[in-house]
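pasting the structure only:
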């Protein structure tokens, strides 16, 4: 046989062998609801790639280099950090919080003898150090680099991406989508450069990668193609945007919500169910849906179900003055329904009209806070009620007396017999009141209805106001959507406190710093002095006067306060102010738009009150 024939024969044999190899190749990997994902190794390899790259560039930063060189290496490391961020959020949340921490002191208090004041050593610290107008603080730079240069390799070495199931990876994608919409595009973690849109692109490129790893699992390829196309459109939208003018309203409405819907399609296609034991409802397809939150996770474990009957009982107790010693006040005294459950006073009034310590906050959406009162001294709604019952200037009662009053009422005992298995205890009474308060979060404002596509009634001014709120005005870096309070996405497990330098008088020319200690007590931690909980701005049109001390009577004053940079911006000595002291440079038109948007957050039940 000629050499040519031998070559052809050899080629045929080789092809045959190759085809045989294909026939015995391992079957296509499939998803599983509970067992360890067959895709873990691929995702772990990408996780290592991104961490290693972030570490590579962070190692290059050094105090001996020029500012320009350090800035260049920072931006490259930050890019890779943002690519790994979705996986860090999902699988190493504590390290995510550490590496992404704002440039603010953190105080951890276990008891009087165990108080830690921690300086952050994060990418945000690096950004503010390297890109500040003043000279670089080499000590801060050195300390931060020393931490990150060790921490990133430590995270890589001690990774916990081992036994995740496919539903964990799908939830990772979902959490990343929520994080971008609620925090990523607001400037929260790029305070100096406002590089948020580009960094959101890096997040989405990781989601693209993870979906690509799972491509073979899509029997219905149209779902895969639709999701990848949607991400491509999202990236194009982000690329075309400018931070100050970016249309965040359209982004959330047309992209975020669509992606949440696609997550459900993927889950159904894979026949897996996402975990319902977290603060977010995994099947919600709209960021502003009434059921976006998993409300059970904002109640105590093993609490009775929230039912219409328990809500009605709680409302009755909420309005009952017999539960106070003076028989003159109830919960509704300081929380009037027509005023969105505030009382219209600068300082709340208790028994016999005596002034209490602070302004009465709205109870609407209070359920989505992890601590209660402006100083956070109560850990939940049931605990908050204990404080009110025992306060000598409020109910001046005790829990056993409350229980006795309820048991002496035929009407109450009948209700408790039916709804709480015959147990008219003070605990069940507190639960009923708390259940009523938890019901005060309908998400049915004009803004919600537009986001839910039930109507198209927002004006251009109102949409501009939302985009300013989420961008240039930096409101959403503290008032996170969708509740617009201080409970931090995407896990919603912690509520923030801020020091704004609030004055005790409304003069912008001659302000005097308020002396309310805030979180300073009871532990007397100096670094917590004048810190107060970030309350919701929902229903804000009805909740004047504003701030913990009711110092401002109008929204115009409130916006001006933030626009000038808070107390420090007005020249007050507020060394630990968390609000940047620089002006926001909002024009009169922009300030009006901001207020117009906030007024769209009035729930439907209160709209007739305006």
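Great, that's in hand. Remember, it's a predicted structure, so these values are computed and weren't measured experimentally. Numbering: from 1, shown residues only.

and residue 582, how far is that from residue 550?
Residue 582 is 26 Å from residue 550, where distance means C-beta to C-beta, to the nearest Å. Backbone N, C-alpha and C define where each C-beta goes, glycine included.

no wait, residue 294
For residue 294, the distance to residue 550 - C-beta to C-beta - is 34 Å.

Moving along the chain from the single longest helix found in the chain, name the first helix or strand you hit.
The residue-count maximum for a helix in the chain (DSSP state H) belongs to helix 67-91. Downstream of helix 67-91, the next assigned helix or strand under DSSP states H and E is helix 93-99.

I'd assumed residue 455 was in contact with residue 449.
Yes - assessed by C-beta atoms under 8 Å, residue 449 is found in contact with residue 455 at 5.0 Å.

between the two, who's got more neighbours?
Neighbours were counted for residue 449 and for residue 455 using other C-beta atoms under 10 Å; residue 449 has more, 18 against 9.

where in the chain is pLDDT low?
1-28, 608-610 (pLDDT under 70).

Okay, domains of it per the record?
According to automatic domain parsing, the chain comprises the domains 40-275, 297-438, 451-609.

Grab the nearest non-local neighbour of residue 29.
Nearest non-adjacent residue to residue 29, counting by C-beta to C-beta, 6 or more residues apart in numbering: residue 38, 4.1 Å away.

check contacts around that neighbour.
Under the criterion of C-beta atoms under 8 Å, 6 or more residues apart in numbering, the neighbours of residue 38 are 29-30, 32.

Then residue 334?
Counting by C-beta under 8 Å, 6+ apart, residue 334 has contacts 342-343, 348-350, 356, 360.

any idea where the strands of this protein begin and end?
Remark: strands assigned in the chain by DSSP state E are 106-111, 114-118, 497-498, 532-533.

Near the residue nearest to residue 520 when sequence neighbours are not counted, how many other residues are there?
Using C-beta to C-beta, 6+ apart and skipping residues adjacent in sequence, the residue nearest residue 520 is residue 529, 4.0 Å away. The number of residues packed near residue 529 is 16, by other C-beta under 10 Å.

Beta-bridge partners for residue 529, please?
For residue 529, the beta-bridge partners are residue 518 (DSSP bridges).

my guess is residue 554 meets residue 547, correct?
No - counting by C-beta under 8 Å, no contact exists between residue 554 and residue 547, whose distance comes to 11.8 Å.

who has more neighbours, those two?
residue 547 (22 against 13).

ok, now how distant is the nearest residue to residue 598 once chain neighbours are set aside from residue 353?
Distances taken as C-beta to C-beta, 6+ apart put residue 540 closest to residue 598, at 5.2 Å, once the chain neighbours are dropped. Residue 540 is 26 Å from residue 353, where distance means C-beta to C-beta.

between these two, who's got more neighbours?
Shown here are residue 540 and residue 353; by other C-beta under 10 Å, residue 540 has more neighbours (23 against 10).

Contact partners for residue 376?
Residues in contact with residue 376 (C-beta under 8 Å, 6+ apart) are 495, 497, 519, 533.
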